[in-house]
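**Q** Return a 3D structure for these sequence lines:
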Amino acid sequence: MEYTSYKVVEVAVVTDEELEKVINRWVGEGWVLDGIHFAMRESSRRPSMAFIVFASNRNEAVKNHM
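**A** Numbering: from 1, shown residues only. Predicted structure coming up:
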C-alpha cells in the first residue's frame, strides 16, 4: 500500500495513557501509525510534547470520510 496522506497529532500531556488514547482513536479510523516524535526540554528527562504521525492511502481516507 502506498501512503499518500499524512496526519500529525500534537499531544501536550505525554503519558502512556494519553499516547494510547490518541493512537487507538486514529488507528480505529483507518490510519496507520507512522512514527512518534518527542520534544524535550533541557531541564527535564521527560518529553514536554509529542507529535504522533499517521499515514493513510488517499483513496481509503476519502472513502472513510464520505
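
**Q** is it true that F51 touches K7?
**A** No. With contact defined as Cβ atoms under 8 Å, F51 does not count as touching K7 (10.7 Å). C-beta coordinates here come from the backbone N, C-alpha and C atoms, glycine included.

**Q** Is W26 within a helix or a strand, and which one?
**A** Assessed by DSSP states H and E, W26 sits inside helix 16-28.

**Q** Parallel or antiparallel, list what pairs with the one helix or strand I36 maps to.
**A** Assigned by DSSP H and E, I36 falls within strand 32-40. Strand 32-40 has its sheet partners listed here by DSSP bridges as strand 47-56 (antiparallel).

**Q** Show residues contacting the strand it pairs with.
**A** Residues from elsewhere that reach strand 47-56 (Cβ atoms under 8 Å, 6 or more residues apart in numbering): 3-12, 14, 19, 22-23, 26-27, 30-41.

**Q** What's the PyMOL line that selects buried ones from the residues you listed?
**A** For the buried members of these, the matching PyMOL selection, counting by 16 or more other Cβ atoms under 10 Å, is:
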select buried, resi 9+11+19+22+23+26+31+36
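
**Q** Next, name the residue at the spatial heart of the protein.
**A** Nearest residue to the geometric centre of the chain (Cα atoms, centre = their mean): I52, 2.9 Å.

**Q** Where does pLDDT dip in this protein?
**A** Low-confidence segments of the chain (pLDDT under 70): 1-3, 58-66.

**Q** repeat that for 50
**A** Across the chain, residues meeting the criterion (pLDDT under 50) sit at 61, 66.

**Q** tell me the contacts of the residue of the chain most remote from its centre?
**A** When distances to the mean C-alpha position of the chain are computed (Cα atoms, centre = their mean), the maximum falls on S43, with 25.5 Å. Counting by Cβ under 8 Å, 6+ apart, S43 makes contact with nothing.

**Q** That one and V32, how far apart?
**A** Per Cβ to Cβ, to the nearest Å, S43 is found 35 Å from V32.

**Q** And for S48?
**A** Distance from S48 to V32, by Cβ to Cβ: 26 Å.

**Q** before we move on, back to that, which residues are contacting the strand holding I36?
**A** Strand 32-40 is contacted from outside by 3, 6, 14, 19, 23, 26-27, 47-56, using Cβ under 8 Å, 6+ apart.
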